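>>> what follows is a protein structure lacking sequence information:
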Ligand code: DQA
């Protein structure tokens, strides 16, 4: 099974960026652990700070992988295009937020993505990615 992890803007700065909110670990470090945890899964990882690149990545993943873990970061709250891209693909998508977006500023409570995804994990730190992968595997096994 191939699972695509797609990360939005500023997530390339994990480890350095607001560590009190997002933690000390870089995504590269976490990604290595995730790959080791699921040796039977083929992972792809794409990060972009550019909205259209994320849309293209979702379209490509939607045609080539069996599950997607998506953290659209700030575009969650603004991007109709990313919400539309998720709605346009048949592959299950899990939305992940490292922080609890509902415990932060009001603008973070709006998501253009949540209504289009299979489910959302928010506030469980980096572990949210692992939990999303576990659910995608369970779902695939139940099919
Ligand atoms: C985030 C939450 C967003 O509100 C924020 O803009 C991010 C990261 C998270 O993972 O907690 O960049 O998606």
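Ah, there it is. Fair warning: this is a prediction, and the values are worked out from it, not measured in the lab.

>>> what about stretch 44-57, average pLDDT?
For stretch 44-57, mean pLDDT rounds to 98.

>>> the longest helix belonging to the chain near the ligand at all?
If you go by DSSP state H, the chain has its longest helix at helix 127-142. No. Helix 127-142 stays clear of the ligand (C-beta under 6 Å from any ligand atom), getting no nearer than 7.9 Å. In short, each C-beta sits where N, CA and C put it, glycine included.

>>> let me know the average pLDDT across that helix.
Helix 127-142 carries an average pLDDT of 97.

>>> check which residues of it are buried.
Under the neighbour-count criterion of 16 or more other C-beta atoms under 10 Å, helix 127-142 has 128-130, 132-133, 135-137 buried.

>>> show me the contacts for residue 52.
Contacts for residue 52 (C-beta atoms under 8 Å, 6 or more residues apart in numbering) come out as residue 81.

>>> which strand or helix spans it?
Per DSSP states H and E, residue 52 falls inside helix 51-62.
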